[in-house]
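*Asks:* Sequence unavailable; structure follows:
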């Protein structure tokens with residue numbers, strides 16, 4: 001086990017020299033660290049993929065290039081630009097930090113011209129994007145995996161429910177029209193090709209009332225909306241990731257019935273009495289030292305009758 005700062009190049013070099021491959025459970029590793037490591041060992045997914053996931057404008061540009069529909073958006077670097085483009089979006093927009101935003105952090109809704117100055121002061125970030133607010137029917141995610149031997153696999157769709165910008169629960173497998181699903185898989189593979197992906201890629205999307213899918217964001221790592229696969233699938237997302245890194249063959253993953261996953265957020269971790277007495281629940285407590293509002297402290301899954 002290595003402990004140290006991202007700026008400790010000597011320790012990072014020693015670490016890279018002692019491993020056959022490097023991967024990550026989160027996106028926000030400094031890009032220069034990934035670039036340096038890739039000169040000494042294999043990095044899966046590669047630094048290009050991680051760098052894209054770190055910046056919303058890069059994500060959206062790559063998604064558009066792959067053929068995804070993307071909500072209207074503008075790069076914002078000043079209050080003047082915010083006034084200009086908020087008007088273009090008819091004050092139906094969300095201002096987001098271009099980087100370092102997750103679980104609802106670093107974003108503010110704009111509903112009127114009068115709110116703009118206050119929102120700009122609150123976000124306190126000079127590199128932002130302004131995104132059209134989408135009226136959607138539901139949120140879904142799809143998980144794709146590609147092994148270093150170039151075999152690949154898809155997991156079933158996850159149907160996601162957020163609360164205050166944080167994933168609260170996931171129902172799986174999510175029902176989706178076969179034609180829409182097949183078209184989605186083609187786009188996901190095209191996006192993965194742009195990255196030369198090896199590893200996992202989760203794509204989060206909004207689905208409109210007419211079935212249209214709108215790209216939201218990516219995560220090149222094990223994803224919260226697929227933690228249900230630990231109990232719910234023949235192979236979990238974590239096992240498939242290891243197989244990808246090792247160059248083992250993979251194929252589409254099948255689920256065992258219908259599942260629901262609930263995140264335990266903040267103080268919920270301190271009141272598990274009602275849950276623990278239910279023997280059909282499977283618990284995963286993350287062991288995080290500090291309990292904070294909005295922080296994911298664990299989750300539980302259970303099998304249940306068809307949601308639909």
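*Replies:* Arrived safely. What you see is a predicted model; the values in this text were computed from it and never measured.

*Asks:* what ranges do the helices span in the stretch 151-300 of the chain?
*Replies:* 178-195, 229-232, 237-246, 273-276 (DSSP state H, counting those that start in this stretch).

*Asks:* For the third one, give me every contacting residue.
*Replies:* For helix 237-246, contacts defined as CB atoms under 8 Å, 6 or more residues apart in numbering pick out 21, 23, 42, 44, 143, 145-148, 153, 155, 198-200, 222-223, 226-227, 229-230, 235, 249-250, 253. Where C-beta positions appear, they are placed from N, C-alpha and C, glycine not excepted.

*Asks:* and residue 200, how many neighbours?
*Replies:* 25 (other CB atoms under 10 Å).

*Asks:* Deepest in the core, which of the helices of the stretch 151-300 of the chain is it.
*Replies:* Mean neighbour count (mean count of other CB atoms under 10 Å) peaks for helix 229-232 among these, with a mean of 22.

*Asks:* Could you pull up the mean pLDDT of that helix?
*Replies:* Mean per-residue pLDDT for helix 229-232: 97.

*Asks:* Against which helices or strands is it packed?
*Replies:* strand 281-285, strand 296-303 (3 or more CB pairs under 8 Å, 6 or more residues apart in numbering; DSSP states H and E).

*Asks:* Just checking, which helix or strand of this protein averages the lowest pLDDT?
*Replies:* helix 273-276 (a mean of 70; mean pLDDT, DSSP states H and E).

*Asks:* ok, so what distance separates residue 84 from residue 288?
*Replies:* Look at residue 84 and residue 288: by CB to CB, to the nearest Å, they are 42 Å apart.

*Asks:* what's the burial count for residue 163?
*Replies:* For residue 163, using other CB under 10 Å, the count is 12.

*Asks:* does it have beta-bridge partners, and which?
*Replies:* Taking DSSP bridges, one obtains residue 166 as the residues bridged to residue 163.

*Asks:* Tell me where the stretch 1-150 of the chain has helices.
*Replies:* 9-17, 31-38, 47-54, 56-66, 79-88, 116-123.

*Asks:* Give me the residues contacting the last one.
*Replies:* Helix 116-123 has contacts (CB under 8 Å, 6+ apart) with 79, 82, 83, 86, 95, 97, 106, 107, 108, 110.
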